[in-house]
Structure formats: structure tokens, C-alpha cells
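K.L.:
below: sequence and its predicted model.
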Amino acid sequence: MGLLGKLFSPSKGGEFSLPLGAYYAARSIYTFHHFFVWMSKLESRRVRKRLGTELAVDRPIYVTGCARSGTTISIEMLSKHPEVATHRYHHMVNPYMPYWWERLVDFLPLPEDTPVERLHKDGVMVVRDSPEALEEPSWTHFFKHLHDESQSCVLDESTTNPKFERYYREHMAKLVASQPGATRYAAKNNYNLTRMEYLLKQNPGAKFLLYIRNPVNHIASLMKQNRLFTDMGKRTLRMTKMIGHHEFGADRLCINVGNTDRIREVRELWDQGHAVRGWAMYWSDLYDFVATRLEENPALREATLVVRYEELCANSEEMIDRILAHTGLPAEPFGASRKHYSEKLRPPRYYNPSFSDGELDDVAELCSDTANRFGYRASENEVRFEPRPAAEFH
């Protein structure tokens, strides 16, 4: 296997770990990201010459929603379509130059890849080629304020950044070109909740898959994940921050949708030990923002399919068909994957919400109106949410 293979091999033990060589290579690349973004321009010129055409992208697909809403399993599912290109775990080290990095990974004498459960401990098994959310380092290179809680991070139709727009268009095209047979770019990015209108302005043919989950179970999952990340090792946590994942752990950052005062209130609730009420307020504000944008922007509404997690699990075949139809991906080459995921998609069984009556009352108070905008209703006898029939909502 050689020294390179050892440096880029995960430690044994059946648990997710970033190889030591990959970790230090990533730290160097993220530290000098300005250089690697500059190098990406050279990569673009070479790829244009190789392909004999300008770098363009056809109807990109964006999977977005608050973390823990089903976005990961969905990008995994989409990545199985032969026409779809996505970022992969091996891009984690260098997300700026997808075409050349793909060639380098193919060249490295890496060992056989054994599936391991990802660090979220949610039953999702990953290998080097598993899809991952790796857009964020590119966004934050060009938009420095995106993870500053003290100001709005909303990017809309009025946003203009020509340098980013050229870089991003070429980045998507290079990723597609690096994966044989692919014609469509797909990305999971929870932070795109606040950028949908800007993305649609750049790519009028873009398709959005917006994921949501009933607030009781969603908040329980968010809290479980936050506890897990709080106890995570320093090296792993540092890597999650480098790749732009700030949702959980001691250094978690809220998404500001123009509601700075509310974020301060959320922070105060968390600090005072009222975690459920704080998460409920945060959940409601995020999805209320998105619901308003969908109502006020007909083009965005037309480009967006709302995917409720409960429907995805309970009516998997129907929802998969709707996802394919909305994104314009042909169903025929996806037959085997459709069957596999229609059997695999099930609600999690490794935890259950254990909120007190008072905490359930907090969720009902803060989330009912927003949940109703996405087709959920609270039952009369207990503070729970269930999706209304699809025909009544969609």
C-alpha cells in the first residue's frame, strides 16, 4: 500500500475517522484556500480546453432543509442515479478543485473501502464515494458574513457577486465532468435555505427539494445530534467546522434570516436550560421564512418540491416518483435504486422524543402556525403533529 496509502487510510475499529494524512492535507488546503480558489481558475481553463466548450451546468438540483429533516438519505439516493454528480467524502480534503482532485484520488494507492457508520451515529453508512455536503467552503470564501449570527445571511434576487457566480458555475460543471456519465449537478446544503432565490436567479432551471419534518420529532433529533457533537473529539469537530458544518456542538451557529433579536432570544433560552423552547423558536423562524418566500415568489414556488419526511418514509415509492418527476431525472435507469430506497426509507428506531408536557406545550405554541403552512396539523388530544393528506396540501 505504501506510505501514501497508510496516510490516507482510516484507522481500524469500524468507526468513522478521517485519516491522519487527509486531515493535515485538509488543514493546509483550507488555511491557504485563497491559493486553491486561484488554482481552480487554472483547472477551469484546462477543463474547458479538454472539453472544447464553455463550462455550463444543466438544471442543478438542490437538496435543502433544516438539518435532520431527511436531506442526507435523499442526496444519497439521488447520487445513485447515473446522471447525477455530487460532492463525495473524498472531496472533503479539497473541495475547490473537483476535476483534478478526482484524478488524484484515482491515482492514490488507497486500500479497499469498508463502509462505516458516519459520525452522526444515525445508521447511515459511508465510504469514500458517499455523497457529502461540501459546497459551504466555496460560499464562505466569497461571502464572508454567512455564519455571522449578528447579521442576516439571506442572499436573494438582489444579491450580486460576479466572481462567485463564475466560480460556482464552473465548479458545478467541473464536478459533473469529473464523474463519467453524469449530466446533472446535485448538492445537499442546509444553508441554501436562505439562498434559494439567489440560486434561482443564477440558474433559472434549478430545481429545489425542500425537506421538513414534524417539529416534535425534528427538534428531538436536533437535540440528540447536538449532544453527540458536543462530546466529539477535537480533531473531528475541527474538521466539521473547516468544511462548513456549524449546526451542532459547542461552537454551533444559528442561521440568521433577518431576525437577530430572535436569535439572541434563542441563545438565552439555550443558556438558561430551556433547550426545547429554544429549538422550537429556531425551527419555527427558519421554516416561516421559507414559507413566506415560497408564497411571495411564484417562480421559486414552481421550482420547489416540499418533501415532508413522514411522507418520504410512509409513501416512499410515490415520493421518489414525485422527486424524479420534479427534478426531470429519467425514471428508467433508476429502477433498482427506487426499489432499494422504497424499502430502506423508514422512520428512525434508535431514539424517541421524551419531552415533558410543558416542553410539548412549548413546541405547540411556537411551531403550530408554521407547521400548518407546510401541511401539518396538531391532533386535538395530544401535542403532536401529523401531515395532512397530500392531496389536501400539495
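P.N.:
Done, it's in.

K.L.:
C-terminal to the lowest-mean-pLDDT helix or strand in the chain, what's the next element?
P.N.:
Least confident helix or strand of the chain, by mean pLDDT, DSSP states H and E, is helix 2-7 with a mean of 45. Heading C-terminal from helix 2-7, the first helix or strand you meet, by DSSP states H and E, is helix 20-31.

K.L.:
tell me the helices and strands packed up against that next one.
P.N.:
When contacts are defined as 3 or more CB pairs under 8 Å, 6 or more residues apart in numbering; DSSP states H and E, helix 20-31 sits against helix 2-7, helix 234-242. Heads up, the C-betas are built off the backbone N, CA and C, glycines and all.

K.L.:
quick one: buried residues of that helix?
P.N.:
Going by neighbour count (16 or more other CB atoms under 10 Å), the buried part of helix 20-31 is 21, 22, 23, 26, 29, 30.

K.L.:
biggest separation within these, which pair?
P.N.:
Greatest spatial distance in these: 21 and 30, 15.0 Å, computed using CB to CB.

K.L.:
and the biggest helix by length in the chain, how far from the chain's centre?
P.N.:
The longest helix of the chain (DSSP state H) is helix 275-296. Chain-centre distance of helix 275-296: 17 Å, with CA atoms, centre = their mean, to the nearest Å.

K.L.:
ok, now stretch 259-279?
P.N.:
Taking mean C-alpha positions (CA atoms, centre = their mean), stretch 259-279 and its chain are 23 Å apart.

K.L.:
residues contacting it, please?
P.N.:
149-152, 219, 222-223, 254, 256, 281-282, 285, 289, 355, 359, 362-363, 366 (CB atoms under 8 Å, 6 or more residues apart in numbering).

K.L.:
now, the residues you listed that are in helices?
P.N.:
Among the contacts of stretch 259-279, DSSP H puts 219, 222, 223, 281, 282, 285, 289, 359, 362, 363, 366 in helices.

K.L.:
residue boundaries of the strands in the stretch 101-250 of the chain?
P.N.:
116-117, 125-126, 184-188, 207-212 (DSSP state E, counting those that start in this stretch).

K.L.:
in its sheet, which strands sit next to the third one, and in what direction?
P.N.:
What that stands for is strand 184-188. strand 61-65 (parallel), strand 84-85 (parallel) (DSSP bridges).

K.L.:
quick one: which of these is nearest residue 311?
P.N.:
When those are compared by CB to CB, strand 61-65 sits nearest residue 311, at 13.4 Å.
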